[in-house]
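S.K.: quick one, fold the following:
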Amino acid sequence: MDSAREQLRIFLLEEEEEDDELFFALVPAALAALQAEKRPLHTSILTGSIKVKEILEGHENWSKAEFRMEPEIFRATARYLSMKSLLCDTRGVDVEEQLGMFMYMISHNASNQDLQNAFQHSGETISRKINEVFHIVPTLAERFVKLPDSTHTHMKIASDPRFWPYFQIQEKEKELKGNYKVIKNARKESGVGWNDSLCMIVAEPAIWDRILQAHPKVKKFRSKPFPLFNQLALLYEGSVAPGDLCFTSTQEISHSSDQNMGMTHEVLSLDGLTNPFSNMGAPETSSTNMAKEAQESSTPNKEKEVDVGKKRKHNQVALVLEDYLEFKKEQAKRAVGKIVEASRHEIDTSISKCIATIESIQELTDEEKAKALGLFRCPLNREIFMNTSIPSVRLIWLKSQIAG
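M.R.: Just a heads-up that it's a prediction; the model follows:
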């Protein structure tokens, strides 16, 4: 136990000396970092506002390369955003520069660091302004994106010879669908039969006269088969798409097919003018309030920014010191734990323990016990005596030391 206490004392003294040496070097370095003058990062005379103005006033190809817009379209877009209060000029960034940042980013896949170098603003300012433009994209989509009419083909496409084969197939599909509907409606008449082998309508002459009066277009199928009727029934009556999702109206529809039908219907049902941007999570607040909040949040006081920078630097140094103290605390805790754990398994070799062990040995006389006490003045003899686990061997060693 004495050795364990001695090891613990030596360890604590060494740790204290290391801490003193470290703090002699760390504290001056921390003070120097706090007192060091902050060096400006963005020192170019070509600020973001001047850069945007120079691009817009230069050749239009320059604007197309940087912003993917002609200068007049860019200015018209900026005026619209400002007039509708979707974006507002702030103390350091006007609307044109905000739009320029956004267009430069999506045109060149630019990173935040690239935008900092190009427009001479901090990373926090760049991120905030880009997010403000992103937030108004759903509003712009609802105002300007118009869904096409899916029931009519655009004249430019319909008049292009390259697409004629497609329209020929489309016209043939319309013809087949019309013939299928005619035969289907005719089969609903009373007394009308159907020959599955011949794929023809079967009826008496009098019934045929009645069918032709109600459905004149079925006349050509009086003596002509329509072999595609069953296949078209699978396509039009009970399916949403060809392939493994084809099923008739009498078949049981699986749960996964219902989900696929819902998804297909949602994507394809454009006749109802469903807005594809309705799920983009447009903000519920008005554009005016959003612009005011953006303006208020983007006009900080310069003195406050300086104070925030100093506080941030102090906090960083404090965090470093705190992390170091936690590390040293954990390191000392582990070392002490190892010493304590080792002391638990260490055999007690104190003089009092040795005397108690000697007194319990019945094979020794009182004279031999008295002589053995002198051996325990040496720590090595105490360790040998207490660590010998076999009693007979311990007795032989003890008698040899007494006799010697």
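
S.K.: what's the end-to-end length of stretch 59-76?
M.R.: In stretch 59-76, first residue to last residue: 17 Å (C-alpha to C-alpha, to the nearest Å).

S.K.: whoops, stretch 216-227 was the one
M.R.: For stretch 216-227, the first-to-last residue distance is 20 Å (C-alpha to C-alpha).

S.K.: what's in contact with that stretch?
M.R.: By C-beta atoms under 8 Å, 6 or more residues apart in numbering, the residues outside stretch 216-227 that reach it are 178-180, 182-183, 186, 198-201, 208, 211-212. C-beta here means a position set from N, CA and C on the backbone, and glycine is covered the same way.

S.K.: buried subset of the residues you listed?
M.R.: Among the contacts of stretch 216-227, those scoring as buried are 179-180, 182-183, 186, 199-201, 208, 211 (criterion: 16 or more other C-beta atoms under 10 Å).

S.K.: now those in TSV, with secondary structure?
M.R.: What follows is those, written out as TSV (DSSP: H, G, I helix; E, B strand; the rest coil):
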residue	secondary structure
Asn179	helix
Tyr180	helix
Val182	helix
Ile183	helix
Ala186	helix
Cys199	coil
Met200	strand
Ile201	strand
Trp208	helix
Ile211	helix
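
S.K.: kindly state the pLDDT recorded for Met261?
M.R.: Predicted confidence (pLDDT) at Met261: the value is 44.

S.K.: for the one 3 residues further on, same thing?
M.R.: Among the per-residue scores, Thr264 holds a pLDDT of 41.

S.K.: which regions of the stretch 1-150 of the chain lie under the pLDDT threshold?
M.R.: 1-5, 8, 12, 17, 19-27, 30-38, 150 (pLDDT under 70).

S.K.: could you rerun that using 80?
M.R.: Where the stretch 1-150 of the chain drops to pLDDT under 80, the residues are 1-43, 146-150.

S.K.: for it, what spans make up the helices?
M.R.: Assignment of helices within the stretch 1-150 of the chain using DSSP state H, counting those that start in this stretch yields the ranges 2-35, 48-57, 60-67, 71-83, 95-108, 112-119, 123-144.

S.K.: relative to helix 48-57, how tilted is the third one?
M.R.: An angle of 140 degrees separates the directions of helix 60-67 and helix 48-57 when computed by axes from the mean of the first three to the mean of the last three C-alpha atoms, to 10 degrees.

S.K.: please apply the same query to the last one.
M.R.: What separates the directions of helix 123-144 and helix 48-57 is an angle of 40 degrees, with the same axes, to 10 degrees.

S.K.: what distance separates the helix or strand following helix 123-144 from the middle of the whole chain?
M.R.: Toward the C-terminal end, the helix or strand that comes next after helix 123-144 (DSSP states H and E) is helix 155-158. Relative to its parent chain, helix 155-158 has a centroid offset of 43 Å by C-alpha atoms, centre = their mean, to the nearest Å.

S.K.: hang on, the earlier thing: which of the buried ones among the contacts of stretch 216-227 sit farthest apart?
M.R.: For those, the farthest-apart pair by C-beta to C-beta is Tyr180 and Trp208; their separation is 19.4 Å.

S.K.: spit out the contact partners of Asn387.
M.R.: Under the criterion of C-beta under 8 Å, 6+ apart, the neighbours of Asn387 are 347, 349.

S.K.: how far away is it from Leu380?
M.R.: In this view, Asn387 and Leu380 are 11 Å apart by C-beta to C-beta, to the nearest Å.

S.K.: ok, the nearest residue to Ile106 once chain neighbours are set aside - how many residues close by?
M.R.: Ranked by C-beta to C-beta, 6 or more residues apart in numbering and with sequence neighbours excluded, the top spatial neighbour of Ile106 is Arg68, at 7.9 Å. Around Arg68 sit 14 other residues, with neighbours defined as other C-beta atoms under 10 Å.

S.K.: was I right about Arg68 contacting Tyr104?
M.R.: No - the pair Arg68 and Tyr104 does not pass the contact test of C-beta atoms under 8 Å, sitting 9.2 Å apart.

S.K.: tell me if I'm right that Ile361 and Trp397 touch.
M.R.: No - with contact taken as C-beta under 8 Å, Ile361 and Trp397 are classed as non-touching, separated by 11.9 Å.

S.K.: how far does stretch 216-226 sit from its chain's centre?
M.R.: Centroid separation for stretch 216-226 versus its chain: 62 Å, with C-alpha atoms, centre = their mean.

S.K.: same question for stretch 347-355.
M.R.: Relative to the mean C-alpha coordinate of its chain, stretch 347-355 is positioned 65 Å out (C-alpha atoms, centre = their mean).

S.K.: again with stretch 373-381
M.R.: Per C-alpha atoms, centre = their mean, the displacement of stretch 373-381 from the mean C-alpha position of its chain is 71 Å.

S.K.: stretch 348-363 too?
M.R.: With C-alpha atoms, centre = their mean as the basis, the mean position of stretch 348-363 lies at 70 Å from the chain mean.

S.K.: now swap in stretch 393-403 and tell me
M.R.: What separates the centre of stretch 393-403 from the centre of its chain is 76 Å, taken as C-alpha atoms, centre = their mean.

S.K.: mind listing residues that contact it?
M.R.: When contacts are defined by C-beta under 8 Å, 6+ apart, stretch 393-403 is touched by residues 361, 363-364, 368, 371-372, 375, 381, 384-385, 388.
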